[in-house]
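*Asks:* quick check, what structure comes out for this input:
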Amino acid sequence: MSYARELVLEKMIKTEKSSSQISFFQLKFEEDVRLFKERAIDVLIYCHPPFFKPTLEFDDWRSAMEFLEKNKQTALIFWEAQSDDK
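*Replies:* Next up is the predicted model:
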């Protein structure tokens, strides 16, 4: 998403968009990213059966990223195993 943001900003600058148009885009983009993060975490939590929900160690994007960082090696092993199955 960051790459897409930079591409759009670059194009806006090249096409001489006004600073207010660029600012509006940046604000809208940041809002879209915030909503994406909220929805992503909501879906992850929703997908857990009720039995497992009390064991979840995250409830928002920040705590999910901390959890992922703490369990990075396990996550990498999991994803490598998933790609090996294909």
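*Asks:* pLDDT weak spots in this structure?
*Replies:* Within the chain, the ranges that satisfy pLDDT under 70 run 85-86.
*Asks:* and it, what are its domains?
*Replies:* 1-47, 57-86 (automatic domain parsing).
*Asks:* could you dump these to TSV with mean neighbour count?
*Replies:* All C-beta spots, glycine's among them, are computed from the backbone N, C-alpha and C. Shown next, in TSV, are those (neighbours: other Cβ atoms under 10 Å):
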stretch	mean neighbour count
domain 1-47	11
domain 57-86	11
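*Asks:* residue 58 in helix, strand or coil?
*Replies:* Assigned with DSSP: H, G, I helix; E, B strand; the rest coil, residue 58 falls in the coil class.
*Asks:* so how far is residue 37 from it?
*Replies:* 12 Å (Cβ to Cβ, to the nearest Å).
*Asks:* where do the helices of the chain begin and end?
*Replies:* In the chain, the segments counted as helices under DSSP state H are 2-14, 19-46, 61-70, 72-84.
*Asks:* tell me how far the most centrally placed residue in the chain lies from residue 19.
*Replies:* With distances taken as Cα atoms, centre = their mean, residue 37 lies nearest the centre of the chain, 4.8 Å away. Counting by Cβ to Cβ, the gap from residue 37 to residue 19 is 27 Å.
*Asks:* then residue 33?
*Replies:* Distance from residue 33 to residue 19, by Cβ to Cβ: 21 Å.
*Asks:* over to residue 10?
*Replies:* For residue 10, the distance to residue 19 - Cβ to Cβ - is 15 Å.
*Asks:* same check, this time on residue 41
*Replies:* Residue 41 sits at a distance of 33 Å from residue 19 (criterion: Cβ to Cβ).
*Asks:* thank you, goodbye.
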